[in-house]
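Chemist: any chance you can model this:
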Amino acid sequence: MRPTLFLSLYFVHILLMMFTIVFVLLSSFPFLLSLPLPNDTVVSARLLDAQLQNLGFNTFSRPITSGVPYDAKVPKTLNGVKVSAMRLRSDSLWHRGVQFYKEFEIPKRVIEHPFVERLVLVYQNLGNLSNKYYPLHGYTYLAPVLGLLAYNGTNLSHSMVPELLHIRAYKNPILIKFSNVNLPQSGSLSKCVYFGLNGSVQFDRLLPNNVCSSFQQGHFSIVVESKSVPPSPHDPNKKYDFCILIPCLVGGFLLLVILGVVVGAVRRAKQGARIQHLEYVADNSEALEIKYIGGTKLPSAGRIRTRPEIEHTYIF
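Modeler: Numbering: from 1, shown residues only. As a prediction, the model looks like this:
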């Protein structure tokens, strides 16, 4: 076998083995994957953000006092939801932060992107509508979902839709101090949950006194696993998980079979190449000639004739 062909098969074997290992790990441990919220839920949450932003901006009265929260009135369709807006200068947010803004405590060294001269922080408390806009299968809310979003506050004209900013704390995290928390049952572990604007869901440990922390904006709450409530057999999230898990397992099994066939072929090719090399060395270093009799290979000596010699000795 040619060395180049053997090396090619060897590299193919290595690549298939690496790909299979990664694939099997991902299919065997689905909890390592970050499963986002369904698309329809994300769209509904973003539409709600836009509606609450509009309500918050409409609460500002002239002149606007910086650093003072303005509570908004919500329609009956959003009964139980609380909205507030507060306008700040960017340099004030960076140098001073906000000591108390409802349940939020914003530290120093918080910067927005893109940079603006003034920004508006819109506070949200979704109350009993938390589970509607942020459903979390397998968990029970112990506190309402609280949101903090930053918008461009340079121009507060109602004819313009303000730009959504991204704020981030660089030294100390933003603290969310929940006041009304329904204590879980004994043995249940409470967790902080963070909902990103892209629909991602992340869990974190709950700090003492029902405090959650984050270095960026978003929506936050405290949850506990619902162990006593079995999942519904018609739950779309469960069906979605099985639709992902079964193809992954089947694909991983097929890749393992293919890998086994490739490994066997490489081993046989390697063994055949070694035998051919040993036969070549043996044939070229043998003093006797090689003759084939039928299908059998046998060594054969060359024909050597002994010349007669005349004897000069006499026998008495």
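
Chemist: what is the burial count for Met86?
Modeler: Around Met86 there are 23 other residues, counting by other Cβ atoms under 10 Å. C-beta: built from backbone N, CA, C; applies to glycine.

Chemist: and it, that's in a helix?
Modeler: No. Looking at Met86 with DSSP: H, G, I helix; E, B strand; the rest coil, it is strand, so not inside a helix.

Chemist: for it, give the beta-bridge partners.
Modeler: Here Met86 shows beta-bridge partners Leu121, assigned using DSSP bridges.

Chemist: gap between it and Phe57?
Modeler: As defined by Cβ to Cβ, to the nearest Å, Met86 lies at a distance of 11 Å from Phe57.

Chemist: please apply the same query to Gly147.
Modeler: Noted for Gly147: a distance of 15 Å to Phe57, by Cβ to Cβ.

Chemist: who has more neighbours, the two?
Modeler: Taking other Cβ under 10 Å, Gly147 and Phe57 do not tie; Gly147 has more neighbours (25 against 21).

Chemist: residue contacts, the more buried one?
Modeler: Counting by Cβ atoms under 8 Å, 6 or more residues apart in numbering, Gly147 touches Asp49, Leu52, Val122, Tyr123, Gln124, Asn125, Leu126, Gly218, His219, Phe220.

Chemist: tell me the two of these that are most distant?
Modeler: The most widely separated members of the contacts of Gly147, counting by Cβ to Cβ, are Leu52 and Phe220 (15.4 Å).

Chemist: so the protein: which segments form each domain?
Modeler: Following the assignment in automatic domain parsing, the chain carries domains at 1-33+234-286, 35-229.

Chemist: pick the most deeply packed of the ones you listed.
Modeler: Mean neighbour counts were compared across the domains of the chain using mean count of other Cβ atoms under 10 Å; the top stretch is domain 35-229, at a mean of 16.

Chemist: mean confidence score for that domain?
Modeler: For domain 35-229, the mean pLDDT works out to 91.

Chemist: thought Ser130 was touching Leu48, still the case?
Modeler: No. Applying Cβ atoms under 8 Å, one finds Leu48 not in contact with Ser130, separated by 11.1 Å.

Chemist: coming back round to it: need the residues touching each of Met86 and Phe57.
Modeler: Common neighbours of Met86 and Phe57 are listed as Val120 (criterion: Cβ under 8 Å, 6+ apart).

Chemist: with distance to Gly196 added, can I get the contacts of Gly147 in TSV?
Modeler: Written out in TSV, the entries for the contacts of Gly147 read as follows (distance: Cβ to Cβ, whole Å):
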residue	distance to Gly196
Asp49	12
Leu52	17
Val122	17
Tyr123	18
Gln124	15
Asn125	19
Leu126	16
Gly218	6
His219	8
Phe220	11
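
Chemist: which of those fall in helices?
Modeler: Counting by DSSP state H, the part of the contacts of Gly147 found in helices is Asp49, Leu52.

Chemist: tell me the helix or strand right after the host helix or strand of Leu93.
Modeler: Using DSSP states H and E, Leu93 maps to helix 90-95. Beyond helix 90-95 in the direction of the C-terminus, DSSP H and E gives the next helix or strand as strand 98-101.
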